[in-house]
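[1] Pasted the sequence and its predicted model underneath.
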Amino acid sequence: MQVVLWDIDHTLIATHGVGGEIFGECFQQVTGHRMREQATVDGMTEPVIFRETAALHGLDSTRAMFEEFAACSAERHRVRADELRVRGCALPGAADTLAAVAEVPGVVQTVVTGNIRPVAEIKLGTFGLDTHIRFELGGYGEDDDDRAALVRTAMARTSQALHITVAPEDVLLIGDTPADVAAGLANHVHVLAVASGRTSAADLARAGAHAVIEDLTDPLLLDLLTRRTN
C-alpha cells in the first residue's frame, strides 16, 4: 500500500488572487473590519491564518468566528467557481500526474491541506482534479491548527477506512512549502517537494525534502512510486 498525500494550493492549482479576495470578503463579513493585510499563508492552516490576520487588526478571534468564516468561505468559493476556473489554473502536469498515479497498483491518493474540506473539494473539482482523490481520507484545516497533525489525521483515516495499518514508510507527501516538508518529516514520511510555489528548489532541499522537482511534469514522482511499490 502506498498513500500519496497532496497539498493543493501552489502544488496542484493556483487561484491567481481569487482565494485571497474571498478571504478578505469573509473576514470583513465575520469581523466587521475591512482586511488591510493578511497573515502569512504559505503552508499555514485556515484557522491559523484567520486568527493571525485578526490579530494584525487588533482583534481577538474565537472558534465560533472561524466557523462562521469557514461557512462563508465555502459559500463564496461555490458562488465564484466559474470565476476561479477562468482566473485560476491547474498547474502544469497536475491532471496527468494524478491520473498516472491512479494507475499504479495499490496507491491511494488524498489531500493534506490547510483548506477546509468543502473548499478543497471545490478547488480541485473546479479544475477537474477531483476524480482520483479520496477526500474522506484527507486532513483539513478544520481538523487541527498544526499541519503535522493533519498528516497523522489522514494516515489514521486511511487506516480505518481501508482496514489496514498505514505506516510512515507507506506514505509520500507532496507539497510546495517548507511547512509541508516539516509536516512530513515530523511524521517520518517521505517528502517530495515541488518548487511550483513561492519557495525555490534550493530552499525546499535545505528544508529537508527527500527529493525536489520544479513542477509536476518531472517524471521523478512516478519513478519514486514505481520503485516503492514494486
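    Arrived safely. Predicted model, so just to flag it, every value in this text is computed and none were measured.

[2] And for T158, nearest residue in space, chain neighbours not counted?
    Counting by C-beta to C-beta, 6 or more residues apart in numbering, L137 is the residue found nearest to T158 once chain neighbours are left out, at 4.6 Å. Just so you know, the C-beta spots here come from the backbone N, C-alpha and C atoms, and that holds for glycine as well.

[3] contacting residues for the one you found?
    L137 makes contacts with 3, 108, 110, 154, 157-158, 161, as judged by C-beta atoms under 8 Å, 6 or more residues apart in numbering.

[4] what do you get for A100?
    The contact partners of A100, by C-beta under 8 Å, 6+ apart, come to L222.

[5] following the helix or strand containing it, which helix or strand shows up next?
    Assigned by DSSP states H and E, A100 belongs to helix 94-102. Using DSSP H and E, the next helix or strand after helix 94-102 towards the C-terminus is strand 107-111.

[6] For the chain, just list every one of the strands.
    With DSSP state E as the criterion, the chain has strands at 2-6, 13-14, 89-90, 107-111, 171-175, 190-194, 211-213.

[7] The nearest residue to Q38 once chain neighbours are set aside: how many residues sit nearby?
    Nearest residue to Q38, sequence neighbours excluded (C-beta to C-beta, 6+ apart): T53, at 5.2 Å. Residues within reach of T53, counting by other C-beta atoms under 10 Å, total 24.

[8] any idea how far the closest residue to T199 other than its chain neighbours is from G32?
    In this structure, T199 finds its nearest non-sequential neighbour in T177, 5.6 Å apart by C-beta to C-beta, 6+ apart. Distance, T177 to G32, by C-beta to C-beta, to the nearest Å: 31 Å.

[9] Hmm, V3 is touching A156, no?
    No - assessed by C-beta atoms under 8 Å, V3 is found out of contact with A156, at 11.3 Å.

[10] Show me the common contact partners of those two, please.
    Counting by C-beta under 8 Å, 6+ apart, the common neighbours of V3 and A156 are V166.
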